[in-house]
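In: pasting the sequence and the predicted coordinates here, then a few questions.
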Amino acid sequence: MKPLAIAALAAFIACPTLAQAETTLILGEAGPNRGARAEALNWFVDKTTELSGGDLKFDVQWGGALFGAGAALNGVADGVADLGTVISVYFPQEMVAYGIADLPLKNDDAWAGMKATDELMRTNEAIKANLADKNLVYIGTFTTSAVHIGCKGTAIRTATDIKGLKVRGVGAYGDAFKDLGANIVPMSVYDAYQGLDTGLLDCSQGYSYATVALKQHEVLTSYTLLNWGQVGALGILMNKDVFDSLSAENQKALMTAGAGLSDELGRLITADNEKAIETMRAAGVEIIELPDVQREILIKAGEKYVNAWVARADAAGLDGAGLLKEYKGLLAKYEAERDEKGYPWTR
């Protein structure tokens, strides 16, 4: 065969190989392409592509185009998407281990909470096996950040001030508010502005950046920083069959970028929350910080919901008490690192 023909044949054979080297992963996200979480997700996509040397690319389906939040778990496990954002509260039994990050513990720092959750989810062998049984692999975590409460015409200065108030509260935090005497009103956070404005609500549980993004500061008169806990059981999970089909190098790229989400979203959401508090102050909203002794009342009120989670984890074949002890230890570890070194983006 002539040299030219040999070269042409070699190029022809090489083409399919080159084409197969690039893999496009479909990622399902129920939320819109805006805000701190979306920025962090875009960072994850770009970082994974960079670390994989361009082998891995992504087709992100925003706004629930593939599946809504309530169908995300099955959507990923069944291969409708290769990976996607899963919110644990929609899957309390299947995602019981991940639900530890939603518990009303003393866990009010977004970065420390994410780092603790991330380390637990990626290193605990029982959790990894539990996810593998569902054809899932954990990649990285998000958080909605610390739970606070905004009110109109009243203020929460002590834990007992919530008694008798009409409150939009959700999850274990809302349950604890109810135990303290609040009248819980079932309402979406997106409807809370109107609820506060019309008097259907006295107060609404929320997060600082979201409170301002939804313009609730226009109707609030007070905003209490509870220094309590956060909702952090949401993150990226991947179809295990797809993950296992990737090269070791590309698996590492995904895991490394996933681990970096805690630092990136921590940076973004901390800045957004600080800016939101200043926006509220400028609008005339009184910013109140709940004293430590009052915070302890809230933590005490949440204990029975923590214990209920331990029982659910045990029922799922996990060591609930052991996981809780490990998680609290990780929270202390990263809070100590923050106190000693500051946040990663300030070092």
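Out: Done, it's in.
In: beyond the one helix or strand in the chain whose mean pLDDT sits lowest, next helix or strand please.
Out: Across the helices and strands of the chain, mean pLDDT, DSSP states H and E gives its lowest value to helix 3-21, namely a mean of 41. Under the assignment DSSP states H and E, the closest C-terminal helix or strand after helix 3-21 is strand 23-28.
In: put the alpha carbons of whichever helix or strand comes after that following strand into PDB.
Out: Heading C-terminal from strand 23-28, the first helix or strand you meet, by DSSP H and E, is helix 36-51. Provided in PDB are the C-alpha atoms of helix 36-51 (Å, rounded to 0.1, in the frame of the first residue of the first chain):
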ATOM      1  CA  ALA A  36     -25.600  31.500  43.600                       C
ATOM      2  CA  ARG A  37     -26.500  27.800  43.200                       C
ATOM      3  CA  ALA A  38     -26.700  28.100  39.400                       C
ATOM      4  CA  GLU A  39     -23.300  30.000  39.400                       C
ATOM      5  CA  ALA A  40     -21.800  27.200  41.400                       C
ATOM      6  CA  LEU A  41     -23.300  24.500  39.100                       C
ATOM      7  CA  ASN A  42     -21.900  26.300  36.100                       C
ATOM      8  CA  TRP A  43     -18.500  26.400  37.900                       C
ATOM      9  CA  PHE A  44     -18.700  22.600  38.500                       C
ATOM     10  CA  VAL A  45     -19.400  22.000  34.800                       C
ATOM     11  CA  ASP A  46     -16.500  24.200  33.600                       C
ATOM     12  CA  LYS A  47     -14.100  22.700  36.200                       C
ATOM     13  CA  THR A  48     -15.000  19.100  35.400                       C
ATOM     14  CA  THR A  49     -14.400  19.900  31.700                       C
ATOM     15  CA  GLU A  50     -11.100  21.500  32.500                       C
ATOM     16  CA  LEU A  51      -9.900  18.700  34.800                       C
END
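In: return the set of buried residues in helix 36-51.
Out: 36-41, 43-45, 47-49, 51 (16 or more other CB atoms under 10 Å). Just so you know, the C-beta spots here come from the backbone N, C-alpha and C atoms, and that holds for glycine as well.
In: okay, helices next: where are they in the stretch 51-200 of the chain?
Out: 72-77, 110-123, 125-132, 171-179, 192-198 (DSSP state H, counting those that start in this stretch).
In: please report the distance of residue 46 from residue 249.
Out: 17 Å (CB to CB, to the nearest Å).
In: got any ranges where the protein has weak pLDDT?
Out: 1-21 (pLDDT under 70).
In: show me what the helix ranked longest in the chain is packed against.
Out: Ordering each helix of the chain by length in residues (DSSP state H) puts helix 248-282 first. Applying 3 or more CB pairs under 8 Å, 6 or more residues apart in numbering; DSSP states H and E, we find helix 248-282 packed against helix 36-51, strand 56-61, helix 110-123, strand 136-142, helix 208-213, strand 234-239, strand 286-289.
In: adding distance to residue 307, write these out as CSV.
Out: Listed next are the helices and strands packed on helix 248-282 as CSV, based on distance: least, CB to CB, whole Å:
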stretch, distance to residue 307
helix 36-51, 30
strand 56-61, 39
helix 110-123, 19
strand 136-142, 24
helix 208-213, 29
strand 234-239, 23
strand 286-289, 28
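In: residue 181: which of the ones you listed is closest?
Out: For those, proximity to residue 181 was assessed by CB to CB; strand 286-289 is nearest, at 18.6 Å.
In: distance of the nearest residue to residue 211 once chain neighbours are set aside from residue 231?
Out: Of all residues not flanking residue 211 in the chain, residue 150 sits nearest, at 5.7 Å (CB to CB, 6 or more residues apart in numbering). Residue 150 sits 16 Å away from residue 231, going by CB to CB.
In: host element of the closest residue in space to residue 101 that isn't next to it in sequence?
Out: Leaving aside its sequence neighbours, residue 101 sits nearest to residue 232 (CB to CB, 6+ apart; 3.6 Å). Element membership for residue 232, per DSSP H and E: none, as it lies in no helix or strand.
In: from memory residue 232 sits against residue 144, does it?
Out: Yes. Using CB atoms under 8 Å, residue 232 makes contact with residue 144 at a distance of 7.2 Å.
In: more neighbours, those two?
Out: When neighbours are counted by other CB atoms under 10 Å, residue 232 and residue 144 differ, and residue 232 comes out ahead with 26 against 20.
In: so who does the more buried one touch?
Out: Residue 232 makes contact with 101, 102, 107, 113, 114, 117, 141, 142, 143, 144, according to CB atoms under 8 Å, 6 or more residues apart in numbering.
In: before we move on, what about residue 322?
Out: So residue 322 contacts nothing (CB under 8 Å, 6+ apart).
In: picking up where we left off before, ok now the longest helix of the chain, how far from the chain's centre?
Out: Relative to its chain's centre, helix 248-282 lies at 10 Å (CA atoms, centre = their mean, to the nearest Å).
In: could you list the buried residues of it?
Out: 250-251, 253-255, 257-270, 272-273, 276-277, 279-280.
In: swap in stretch 315-328?
Out: Quick answer for stretch 315-328 (16+ other CB under 10 Å): 318, 320, 323, 324, 326, 327, 328.
In: checking my notes, the fourth one in a strand, right?
Out: No. Assessed by DSSP: H, G, I helix; E, B strand; the rest coil, residue 324 does not belong to a strand; its assignment is helix.
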